[in-house]
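K.L.:
whatever this is, show me its structure:
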Amino acid sequence: MYTDEIMDRNKLLQDTRGHRCGRCRQRLVPTTTNLEDIQCPACERVASSSLGGTNERSCNNKTNGRFSSTVSHVAEKFRNTFLGRHHRQDSDTEKPKSLNCNPSPLESSSTSLSDQRPRKRALLIGVTYKTWKHKLKGTVNDVKNMSSFLIENLKFPPQNILVLTEDETEPDLIPTKKNIEISLKWLVQDCLAGDSLVFYYSGHGLRQPDFNLDERDGFDETICPVDFLKEGMILDNYINSTIVQPLPQGVILHAIVDACHSGTILDLVHVYNREKREWEDNSPPNGTRKHTNGGLAISICACEDNQMAADTTAFTEKGMNGALTYILIETVKKYPGPTYGDLLDLIHETIDAVNNSGCHFSRFIRSVFHNKILQTPQLSASKPFDVKKTHFIL
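P.N.:
Residues are numbered from 1 along each chain as shown. Predicted coordinates:
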């Protein structure tokens, strides 16, 4: 079904710059493969030189998945292009344009509620943290790519897509905690059977101790608004109660979250174990209600709850992108409507192949993450379904 030409047009995964410092979690943007010259701009930590050596790991992965030829091809292209390429910074001179219609979906909600059914509606959030030392560089690119993908490939009406970024000029379109909470309520407002809803987030994600005893791992996952240092984070409990629990019969919500510690950010009660090929129970141990009101919620997140996610300059020469976001979009563009199983397999195997590609930078990344797999994208749902027969359709 899949060929070794997949994503070739965009030179997928040519490098994996943009990972976090192991000490302070600042995004790293190395311009060299020499470990001794890689330094965190925030805490000034220098990459360990103990990883040096002459023996490189072979790029010939023994992948047993359905896409082994594809991921081997992608990994080889990554390996061949990384050493000959220099990082190109985002342009700071371009004046950002609004990604929202005028008037914005928030302002025109009273009229958009009567648009043609079934309705497609999306909330896209990208947080850069421009005034913070832990600034992110790929989040606005992620939102732009997702918006274009929804409009051009999946026929979402532009007037039904609400975008929050720091590039917006209207105060109610900045991704503050208050605005995100209002927008989450807008997303599910008056939804009816047949509606397709999308929640997309690219930004910082954190976790904190669970004091409600409703988390199996003892931690609440969070997303970080631009003002989270002052106003606080948005917890998975709030996201679940706001956009999951109200979903009526016949409504489908897809959440795509490209952030650290995001695996169960919607607190959905079923998590798919890709290795065992089965759904696992993630319901609250104290019996707290986390179910929908008959609808279906599905989330695809960048990594498991205890992992961090990566930004990379691998995909284009225009700047950084989230690895999950780019791979998912390009896969579905090339092969519309894949099964969830196929989509998840391709994302996993591509990332694994890059981690095992054998180049020096990959070994540096592995040192930051203690030689563990960089990130493991996570699929979860409000109720289990056959991932090999059910197709990813927004």
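
K.L.:
where do the strands of the stretch 101-250 of the chain begin and end?
P.N.:
Using DSSP state E, counting those that start in this stretch, the strands of the stretch 101-250 of the chain run over residues 120-126, 161-164, 196-202, 205-209, 219-223, 234-235.

K.L.:
redo the ones you listed as a markdown table? Include mean neighbour count.
P.N.:
Glycine gets a C-beta too; all of them are placed from N, C-alpha and C. A markdown table is the format used below for those (neighbours: other Cβ atoms under 10 Å):
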| stretch | mean neighbour count |
| --- | --- |
| strand 120-126 | 24 |
| strand 161-164 | 25 |
| strand 196-202 | 25 |
| strand 205-209 | 17 |
| strand 219-223 | 24 |
| strand 234-235 | 20 |
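
K.L.:
select, out of those, the one closest to Ile256.
P.N.:
Of all the strands of the stretch 101-250 of the chain, it is strand 196-202 that lies closest to Ile256, at 4.9 Å by Cβ to Cβ.

K.L.:
which stretches in this protein count as helices?
P.N.:
Here the chain has its helices, by DSSP state H, at 68-82, 109-112, 139-148, 177-188, 228-231, 236-239, 323-334, 340-355, 360-368.

K.L.:
so for the fourth one, what's the average pLDDT?
P.N.:
This means helix 177-188. Mean pLDDT, computed over helix 177-188, is 97.

K.L.:
tell me what that helix is packed against?
P.N.:
Contacts defined by 3 or more Cβ pairs under 8 Å, 6 or more residues apart in numbering; DSSP states H and E place helix 177-188 against strand 120-126, strand 161-164, strand 196-202, helix 228-231, strand 234-235.

K.L.:
reformat the ones you listed as a markdown table; add distance to Leu266 and mean pLDDT.
P.N.:
Shown next, in a markdown table, are the helices and strands packed on helix 177-188 (distance: least, Cβ to Cβ, whole Å; pLDDT from 0 to 100):
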| stretch | distance to Leu266 | mean pLDDT |
| --- | --- | --- |
| strand 120-126 | 13 | 97 |
| strand 161-164 | 18 | 97 |
| strand 196-202 | 8 | 97 |
| helix 228-231 | 18 | 95 |
| strand 234-235 | 11 | 94 |
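
K.L.:
out of those, the one nearest Lys276 is which?
P.N.:
Per Cβ to Cβ, nearest to Lys276 of these: strand 196-202, 27.3 Å.

K.L.:
residues contacting that closest one, please?
P.N.:
Strand 196-202 is contacted from outside by 118-127, 136, 138-139, 142-143, 146, 150, 156, 184, 187-188, 191, 223, 243, 251-259, 265, 322, 325, 394, using Cβ atoms under 8 Å, 6 or more residues apart in numbering.

K.L.:
who's in contact with Cys303?
P.N.:
260-263, 309, 375-378.

K.L.:
may I ask which of the residues you listed has the most neighbours?
P.N.:
When neighbours are counted by other Cβ atoms under 10 Å, Ser262 leads the contacts of Cys303 with 34 neighbours.

K.L.:
that residue and Asp305, how far apart?
P.N.:
The gap separating Ser262 from Asp305 is 8 Å, by Cβ to Cβ, to the nearest Å.

K.L.:
joint contacts of those two?
P.N.:
Shared between the contact lists of Ser262 and Asp305 (criterion: Cβ under 8 Å, 6+ apart) are residues 221, 378.

K.L.:
contacting residues around Gly291?
P.N.:
Slight slip there: residue 291 is His, not Gly. Per Cβ under 8 Å, 6+ apart, neighbours of His291: 244-245, 269, 382.

K.L.:
state the phi and psi torsions of the closest residue in space to Ile239 that isn't next to it in sequence.
P.N.:
With Cβ to Cβ, 6 or more residues apart in numbering as the criterion, Ile239 has its nearest non-adjacent residue at 5.7 Å, and that residue is Leu266. The phi/psi pair for Leu266 (degrees, to the nearest 10) reads phi -100, psi 0.
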